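Chemist: The following block contains a protein sequence and its predicted model.
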Amino acid sequence: MTAERYVFPHKHLLGIEPLDARDITAILDQAQAFEAVCERADIKIVPALRKKLVVNLFFENSTRTRNSFEIAEKRLSAEIVNFDADTSSLAKGETLIDTALNLEAMHPDLIVMRHSAPGAHALLARHMKASIVNAGDGAHEHPTQALLDAYTLRQRFGRLEGLRVAVVGDIRHSRVVRSNLWLLTKMGARVTLVGPPTLLPDEIRATWPEVAISNALDPVLPEQDAVMILRIQFERGTGAYIPGQGEYIRHYQLNAGRLARCKPEVAVMHPGPINRGVEITSEVADGPNSLILRQVTNGVPVRMAVLYLLCHPHGEQVP
Ligand code: NCD
């Protein structure tokens, strides 16, 4: 008897929550095939998305994610339109739905969007024929960041199951942590969230009761395989939740002293942008345990895999 062929069952990537372990593994495996393309010495391009039109719609600031998506699209030979939210009709008061319907009239195949409103992507998905990819929606989800984090962990440790991962910092405002919580728990990793009580909202405990929570960083460090550091999101008002930067640094900054408490092979990760000298010191961010730039590199093949699987759910044309 032959095993039934796996077909990627999702039209959109709205978050990690709707995916199961098999979908996540399919994306990571496909990303591995695309990593080989990205590491080629000469032509780092495949025709997998030739003649497909991708619109990048960024309503919130982004450097890494936006560039990473654009490079991924170019490596797949897609046609690209970058929609500049500032100069668009949105500035004149057009609603998101109107913008979406006008875009739809031009028949794009994929829309990659970052928006400050949680759920904006789900709304768009209900009104459009194109596949929608969530590049960050408020404090809700940032699925491709969690996928590239998982890819980086799997590359380093060969597995996700049983890995001990601590996520430290501004849990309250982080969409990265929410996508990572869905992903890591679905894949059997053991997560500990660390931060001051004011940055660890009850909603997190209620949604992921299996996750450990600690207000102290030092005691949890020795048992971790990976430590993910999050930025303090001052622009989202985190300053009001912590007594002060100095106090935060004293308790939660990952510095050389704290790294010495970790396993020698511990992986240090950060989704960026880094506030050097606040949540992490330069010495640690640039040191031998850091996978931070590896995460950035891996973002491209992971996003290629997502775009590709949404357009080719049967996995045809695998390079
Ligand atoms: C994160 C984001 O924008 O959600 N960055 C990223 O995409 N790499 C995290 C952050 O802004 O701190």
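Modeler: Happy to help now that I have it. Residues are numbered from 1 along each chain as shown.

Chemist: now Glu4: how far from Lys11?
Modeler: Distance, Glu4 to Lys11, by C-beta to C-beta, to the nearest Å: 20 Å. From N, CA and C alone the C-beta is placed, and that goes for glycine too.

Chemist: likewise Met106?
Modeler: Relative to Lys11, and taking C-beta to C-beta, Met106 is found at 19 Å.

Chemist: likewise Val296?
Modeler: 28 Å.

Chemist: Neighbour count: those two, which is higher?
Modeler: Val296 (16 against 13; other C-beta atoms under 10 Å).

Chemist: Let me know the helix or strand that the more buried one is in.
Modeler: Taking DSSP states H and E as the definition, Val296 sits inside helix 292-311.

Chemist: Same question for Ala100.
Modeler: helix 96-104.

Chemist: Please identify the buried residues of that helix?
Modeler: By 16 or more other C-beta atoms under 10 Å, the buried positions in helix 96-104 come out as Leu96, Thr99, Ala100, Leu103.

Chemist: now do stretch 201-220
Modeler: Across stretch 201-220, burial judged by 16+ other C-beta under 10 Å covers Ile204, Trp208, Val211, Ile213, Leu217, Val220.

Chemist: How about stretch 51-61?
Modeler: For stretch 51-61, using 16+ other C-beta under 10 Å, the buried residues are Lys52, Leu53, Val54, Val55, Asn56, Leu57, Phe58, Phe59, Glu60.

Chemist: Looking at the residues you listed, which are in strands?
Modeler: Leu53, Val54, Val55, Asn56, Leu57, Phe58 (DSSP state E).

Chemist: okay, the last one: pLDDT?
Modeler: According to the predicted model, the pLDDT of Phe58 comes to 92.

Chemist: nearest residue to it other than its sequence neighbours?
Modeler: Once flanking residues are discounted, Phe58 sits nearest to Arg114: 4.7 Å by C-beta to C-beta, 6 or more residues apart in numbering.

Chemist: what angle sits between the strand or helix carrying that neighbour and helix 96-104?
Modeler: Using DSSP H and E, Arg114 sits within strand 110-115. Angle, strand 110-115 to helix 96-104, by axes from the mean of the first three to the mean of the last three C-alpha atoms, to 10 degrees: 160 degrees.

Chemist: tell me which parts of this protein are close to the ligand?
Modeler: Listed as neighbours of the ligand in the chain under the rule C-beta under 6 Å from any ligand atom: Arg64, Thr65, Gly136, His142, Gln145, Arg175, Val176, Arg231, Gln233, Pro271, Gly272.

Chemist: Output the lowest mean pLDDT helix or strand found in this structure.
Modeler: Lowest by mean pLDDT, DSSP states H and E among the helices and strands of the chain is helix 96-104, with a mean of 86.

Chemist: just checking, what packs against that helix?
Modeler: strand 53-58, helix 120-127 (3 or more C-beta pairs under 8 Å, 6 or more residues apart in numbering; DSSP states H and E).

Chemist: what about the longest one, distance to the chain center?
Modeler: Centroid displacement of helix 120-127 relative to its chain, using C-alpha atoms, centre = their mean, to the nearest Å, is 19 Å.

Chemist: Specify the residue ranges that define each domain of the protein.
Modeler: Segmentation of the chain into domains, based on automatic domain parsing, reads 21-141+299-310, 143-296.
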